[in-house]
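Student: Pasting the sequence and the predicted model now:
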Amino acid sequence: TDIILTGLAVNILAAGSTVFIMYVLTGDKGSTSTLASPALPSLQIPLVNNIPVLGTLLNGENGTGYNILSYLALILTGVVSVFLYRTRAGTHLRAAGEAPEAARTVGINVKRTQYIALQYSGVLAGLGGLFLSMGYLTIFQANMTAGRGFVALAVINLGNKNPWGVLIASLIFGAATSLGAQLGTLSVPPQLIEMIPPVVTVVALVIYQLRRRAQAIANARKFQERHAAG
């Protein structure tokens, strides 16, 4: 509870401070459109444009590549996965999050580990904000995340709290958002288009809960079979 309250307090403080600084610099509380904002460069992977499917997948339809933070996100997925499942610190972090009482019994400083995890997650979240303001757009706007943080919570559960699973779930939600953008050019009611991401979120959470329940039933059945055999 302390970690959650701390995170909320930091979030509110950061949002308020950002709007205040933006107002001091631009006189506008809504955006930084009056400032010259640089854009992060795109990166093109060489020698793959002529390869069918793979060239489009890695460098986009125009062959000009994607924003450098897009590739960094893929790299960080592997880095975070190795950190969580192949290092001592990662094991302590997962233990402190999943079973804090058990972690304390083996000498892990749970509070310290949780606050370190909060700092790491803040850095990664900051990179996401950096992409929005200097990759996806070239300005900063107040509330520009537009509720993506709530979608991120659903993505974590759908991905079974595994970095690679979260990556796949993120691609699914990204595809849903892109579908909504494509349907916006057709004669489709905007209300239906706006419903696509929330509906995908609800369906994803239902699927996750069904999978979790099925896994729990399977584990209970295996335990009963082993108990009967013993």
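Tutor: Nice, thanks for sending it over.
Student: Which helix or strand in the protein has the lowest average pLDDT?
Tutor: Every helix and strand in the chain was compared by mean pLDDT, DSSP states H and E; the lowest is helix 2-26, with a mean of 72.
Student: Tell me which helix or strand comes right after it.
Tutor: strand 42-43 (DSSP states H and E).
Student: Mind giving me the packing neighbours of that following strand?
Tutor: With contacts taken as 3 or more C-beta pairs under 8 Å, 6 or more residues apart in numbering; DSSP states H and E, strand 42-43 sits against strand 66-67, helix 68-86. Yep, even glycine has a C-beta here, placed from its N, CA and C like the rest.
Student: Quick one: closest of the ones you listed to residue 12.
Tutor: helix 68-86 (25.6 Å; C-beta to C-beta).
Student: how close does residue 37 sit to residue 26?
Tutor: Relative to residue 26, residue 37 is positioned 11 Å away (C-beta to C-beta, to the nearest Å).
Student: Quick check: buried residues in the longest helix anywhere in the chain?
Tutor: Taking DSSP state H as the criterion, the chain has its longest helix at helix 190-229. For helix 190-229, burial by neighbour count (16 or more other C-beta atoms under 10 Å) applies to 193, 196, 197, 200, 201, 204, 208.
Student: List the residues that contact the second one.
Tutor: So the one you mean is residue 196. 176, 177, 179, 180, 183 (C-beta atoms under 8 Å, 6 or more residues apart in numbering).
Student: Check the spacing between it and residue 71 real quick.
Tutor: 27 Å.
Student: now the third one
Tutor: As defined by C-beta to C-beta, residue 197 lies at a distance of 24 Å from residue 71.
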